[in-house]
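Chemist: Mind looking at a prediction? Sequence and model below.
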Amino acid sequence: MSPPPARIARRTELTVMSLCFAVIVFDGYDLIVYGATLPGLLEYQDWGLTKTEAGAIGSYALIGMLAGALVAGAVTDLIGRRRVLMIGVGWFSVAMIGCALAPGPGWFGLCRLLAGLGLGGVMPTAVALTAEYSRADRRSLNNAIMFSGYSVGGVLAAVLTMKLMPEHGFRVMYWTGAAPLLLVPVLWRLLPESASFLAARGRHATGARAGARPGTAAGTSRRHLAELFERRHLTPALLFALTSFLGLLLVYGLNTWLPQIMKSAGYPLSGSLLFLVVMNAGAVFGTILVAPLGDRLGMKPVTASAFLTAAVSITLLSQTTAKPVMYALVAVAGFGTVGTQIMVNAYVAMHFPAQVRATALGWTLGIGRLGAILGPTFGGYLLAADVDVSWNFYAFAIPAAAGAALVLFLPAREKAAVPAETGVKMPA
């Protein structure tokens, strides 16, 4: 006797969320490992990196991510989201091997750029697949759990760097970043294809058997892009993009430079890396605890509060205080930065109607990646300028406060975003 459709749908929902979570763990590791190894790279005398050069290299992966997202968006309708995800994982894993073997900073930077190409297609694809296979009343929570993998990867990168880099150097951390190659066969075996891709090829029944939610996926065609910029969607689309710009500037700026900022403030290397662990752990636990409030209270107040929390906690970090208090503030800042961007992604998915949802996510993350590119470079110039240590924190608190203000102008709810079959009004 076959399992009932509801059980199949739930099982598939958990499978998709778990696999996408695993992918995002490696995505987070491969991005955050640069910030974790940056103190070691700056001390590596054979390369002689300056802080400005290190900031530029930190942005290369983000530039690659922007290009990779555009390429992935163009080919998704041709080969499907499942294949895009597998190709992206394999691509950035091989590029990490190139980083481990790089003879100089030039080759290292090029390999970081190439890694970004693979990473760029992974994140929006994982978000879209998770949303597509999630029940409407769990979409925000599932997205938060899946996306918390980014911070889990950050914790893993920082912990392994503390354990391995002092004895084996920075290269071992990039060899470890090739481990996701082992995940590709698992994705091939277990990950279902997007229902929208199957439907476009006349395979509706296959998507239905897999448990996809009708109406929750959308292509990225020109028609959908044109619809996104119609009058009723234009202002929210622009505001969400600017919000994501600020959110990702904070995420990648702090994940790249926090260990070095704390080292400049007088902490030893192990202590400065521990702050990176605490920040990403705070992002994981804070986001999972707060995400259900988005489904109950609406995403607008929750997202604005998260940005404001980041602004306050980062400002307070500028004041030297007891170490336990500093760790607590860093943990709260982790939720207010990484966690806030997770909220923004969920907010976009909940606000826009199904036919433009994937396009809206791609647009929002695409513009947001300009902030991601700016973050590491901005931090590099800041540290190279030898400003007072407190301004290393103020410079990131200001964008967080601006993000909180921007969220106040976002719409509170979009009824059209609710899948018709669920009868559930999704908060936005």
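Modeler: Alright, I've got the coordinates.

Chemist: Mind exporting the C-alpha coordinates of the helix or strand harbouring residue 97 to PDB?
Modeler: When elements are defined using DSSP states H and E, residue 97 is found to belong to helix 81-101. Listed in PDB are the C-alpha atoms of helix 81-101, where the atom choice follows Å, rounded to 0.1, in the frame of the first residue of the first chain:
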ATOM      1  CA  ARG A  81      17.400  23.700 -10.700                       C
ATOM      2  CA  ARG A  82      18.600  20.300  -9.600                       C
ATOM      3  CA  ARG A  83      21.400  20.200 -12.200                       C
ATOM      4  CA  VAL A  84      22.300  23.900 -11.500                       C
ATOM      5  CA  LEU A  85      22.800  23.100  -7.800                       C
ATOM      6  CA  MET A  86      25.000  20.000  -8.500                       C
ATOM      7  CA  ILE A  87      27.100  21.800 -11.100                       C
ATOM      8  CA  GLY A  88      27.600  24.800  -8.700                       C
ATOM      9  CA  VAL A  89      28.700  22.500  -5.800                       C
ATOM     10  CA  GLY A  90      31.100  20.600  -8.000                       C
ATOM     11  CA  TRP A  91      32.500  23.800  -9.500                       C
ATOM     12  CA  PHE A  92      33.300  25.700  -6.300                       C
ATOM     13  CA  SER A  93      34.800  22.500  -4.700                       C
ATOM     14  CA  VAL A  94      37.300  22.200  -7.600                       C
ATOM     15  CA  ALA A  95      38.100  25.900  -7.400                       C
ATOM     16  CA  MET A  96      38.900  25.500  -3.700                       C
ATOM     17  CA  ILE A  97      41.500  22.900  -4.700                       C
ATOM     18  CA  GLY A  98      43.000  25.600  -6.900                       C
ATOM     19  CA  CYS A  99      43.100  28.000  -3.900                       C
ATOM     20  CA  ALA A 100      45.000  25.300  -1.900                       C
ATOM     21  CA  LEU A 101      47.500  24.900  -4.600                       C
END
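
Chemist: Tell me the buried residues in it?
Modeler: Applying a neighbour-count criterion of 16 or more other C-beta atoms under 10 Å, one finds 81-100 buried in helix 81-101. Just so you know, the C-beta spots here come from the backbone N, C-alpha and C atoms, and that holds for glycine as well.

Chemist: ok, and for stretch 309-324, which residues are buried?
Modeler: Buried residues in stretch 309-324, counting neighbours by 16+ other C-beta under 10 Å, are found at 309-318.

Chemist: Save those residues as JSON lines, and put in distance to residue 259, pLDDT and secondary structure too.
Modeler: Formatted as JSON lines, the entries for these read as follows, by distance: C-beta to C-beta, whole Å; pLDDT from 0 to 100; DSSP: H, G, I helix; E, B strand; the rest coil:
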{"residue": "309", "distance to residue 259": "22", "pLDDT": "93", "secondary structure": "helix"}
{"residue": "310", "distance to residue 259": "18", "pLDDT": "92", "secondary structure": "helix"}
{"residue": "311", "distance to residue 259": "21", "pLDDT": "94", "secondary structure": "helix"}
{"residue": "312", "distance to residue 259": "22", "pLDDT": "95", "secondary structure": "helix"}
{"residue": "313", "distance to residue 259": "17", "pLDDT": "93", "secondary structure": "helix"}
{"residue": "314", "distance to residue 259": "15", "pLDDT": "92", "secondary structure": "helix"}
{"residue": "315", "distance to residue 259": "20", "pLDDT": "92", "secondary structure": "helix"}
{"residue": "316", "distance to residue 259": "19", "pLDDT": "92", "secondary structure": "helix"}
{"residue": "317", "distance to residue 259": "14", "pLDDT": "88", "secondary structure": "helix"}
{"residue": "318", "distance to residue 259": "17", "pLDDT": "85", "secondary structure": "coil"}
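
Chemist: Test my guess that residue 368 contacts residue 250.
Modeler: No. In this structure, residue 368 is not within contact of residue 250 by C-beta atoms under 8 Å, at 10.7 Å.

Chemist: ok so, going back, next secondary structure after the helix holding residue 97?
Modeler: Scanning the chain past helix 81-101 towards its C-terminal end, the next helix or strand to appear is helix 105-132 (assignment: DSSP H and E).

Chemist: which helices and strands does the helix holding residue 97 pack with?
Modeler: helix 5-43, helix 51-79, helix 105-132, helix 171-176, helix 184-190 (3 or more C-beta pairs under 8 Å, 6 or more residues apart in numbering; DSSP states H and E).

Chemist: Deepest-packed of those, please.
Modeler: The highest mean neighbour count among the helices and strands packed on helix 81-101, using mean count of other C-beta atoms under 10 Å, belongs to helix 105-132: a mean of 24.

Chemist: distance between it and the chain's centre?
Modeler: Distance of helix 105-132 from the chain centroid (C-alpha atoms, centre = their mean, to the nearest Å) equals 10 Å.

Chemist: swap in stretch 36-50?
Modeler: Remark: stretch 36-50 is offset 26 Å from the chain centroid, using C-alpha atoms, centre = their mean.

Chemist: Next: stretch 35-53.
Modeler: 24 Å.

Chemist: Flag the helix or strand of the protein with the lowest per-element mean pLDDT.
Modeler: Using mean pLDDT, DSSP states H and E, helix 204-210 stands out as the lowest-scoring helix or strand of the chain, at a mean of 49.

Chemist: what mean pLDDT does whichever strand or helix holds residue 382 have?
Modeler: Taking DSSP H and E as the definition, one finds residue 382 inside helix 354-384. The predicted model assigns helix 354-384 a mean pLDDT of 81.
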